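Asks: dropping the sequence and predicted coords here.
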Amino acid sequence: MAREAHAADVAQFRRDGFLAGVPILDGREVAAHRARMVAAEASFGPLHYQAKVYTILRSPLELATHPRVVDVVKALIGPNVLLWNATYIVKEPHTPAFVSWHQDLAYWGLDGDDQVSMWLALSPARTEHGCMRMVPGSHRSGRRGHRTTHDDDNVLYQGQTVERVDESTAVACELDPGQASFHHGWTLHSSLPNVSDERRVGFNTQYLAPHMRQTQHERDTALLVCGVDDYGHFGKDIPAQSDLDPDAVERQRDLDRMVRETMGEHP
C-alpha cells in the first residue's frame, strides 16, 4: 500500500493546494493506534486539540514521523522538515462542532509558507462525519480577510472566518481510516458537524521548512524529523520516551498554553 509522493502529486498540490486519499496505515495499524489513543484518554482526559501530543505519547510520535508521511512532506516542502505541532481533532457523534472557512497561515504567526498540514483519519471521515472541505486553488490567491466570530461550536480558537466563500467550488475530502490529506496553509478549508452515530477521530500535524520563523514571540518549539536544521529558529521539543511521563505531561501543559496563545486564544 506504500506510496511515495511523486511528480504528479507535487503538481496536484501546487495546483489545488491539497492532496486527499493518501494511504498511510492499514486496518490493523489504524485499530492499534486508535486503541492507544483511547487508553491515553482514560488516563489523561480528552485529547481533542491538545497541542504537541508527540511529547507525551508514543503513538502520535510514531504517526507524525511515519516514513510514508515523511516521504510526502519531503516531496512538498523539501528534505529538511520540522514537526511544529500535532493534535487529535475529535468530533463526537451528533454534536454541533464545526470549523468555519479559514486559512491556517492567517493566524499562526509564521513568516513564510513553506509549510504543509496532514490530517490522518483514525475513523471514517465522510460527509456525514463532518470531513474537511477544501476550495481547490484557493492557496494561490494568498491571504484572505478573516473576521473573528464568537460561537462556542466553532472549533477554531478565534472562530476566525472568511466570508463570501463560493461553496459550490468546495471539495469534500472524504477519507477512509488510514488515509490522509495534506493541505497548504493558504488553502481555504472548513468542516460541518458530525451528524453520524460514529466518533470522528483525526490526527492533525503541521510541518515546516527550518528557515521558517515565528514572528510573535521567541518561545516557539519544534522537532526535527528529517534532514538538518541550519537555522535554529525554534526551541527543541522533547519527543515522548514513554506514555504520559509526569515530567513530560507538565511540560506539555506549558506547551499547550503557548500554542493556544500563539494561535490567538488568550486567557
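Replies: Everything's here; your move.

Asks: walking through this protein, point out its helices one by one.
Replies: 7-16, 27-44, 58-64, 67-77, 246-262 (DSSP state H).

Asks: how about Asp113, what does it touch?
Replies: Applying Cβ atoms under 8 Å, 6 or more residues apart in numbering to Asp113 gives the contacts Leu105, His184, Gly185, Trp186. Every residue, glycine included, has its C-beta placed from N, CA and C.

Asks: of the residues you listed, which pair is most distant in space?
Replies: Leu105 and His184 (8.4 Å; Cβ to Cβ).

Asks: more neighbours: which of the two?
Replies: Taking neighbours as other Cβ atoms under 10 Å, Leu105 and His184 compare with His184 leading, 25 against 19.

Asks: pretty sure the more buried one is touching Asp114, no?
Replies: No: the pair His184 / Asp114 is not scored as a contact, 10.0 Å apart, by Cβ atoms under 8 Å.

Asks: need the overlap of contacts for Leu105 and His184.
Replies: With Cβ under 8 Å, 6+ apart, Leu105 and His184 have common neighbours Asp113, Gln115.

Asks: and Glu163, how far from Met134?
Replies: Per Cβ to Cβ, to the nearest Å, Glu163 is found 17 Å from Met134.

Asks: what about Ala8, how many residues nearby?
Replies: 8.

Asks: please renumber so the chain begins at 13
Replies: Will do, 13 is the new start, and the previous item becomes Ala20.

Asks: quick check: it vs Arg26, distance?
Replies: Counting by Cβ to Cβ, the gap from Ala20 to Arg26 is 11 Å.

Asks: repeat for Val34
Replies: Using Cβ to Cβ, Val34 is found at 16 Å from Arg26.

Asks: more neighbours: those two, which one.
Replies: Using other Cβ under 10 Å as the criterion, Val34 and Arg26 rank with Val34 on top: 20 against 13.

Asks: residues in contact with the more buried one?
Replies: For Val34, the contact set (Cβ under 8 Å, 6+ apart) comprises Arg15, Arg80, Val84, Gln191, Ala192, Ser193, Phe194.

Asks: include neighbour count when you put the residues you listed into TSV, please.
Replies: Shown next, in TSV, are the contacts of Val34 (neighbours: other Cβ atoms under 10 Å):
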residue	neighbour count
Arg15	12
Arg80	17
Val84	26
Gln191	20
Ala192	26
Ser193	23
Phe194	25
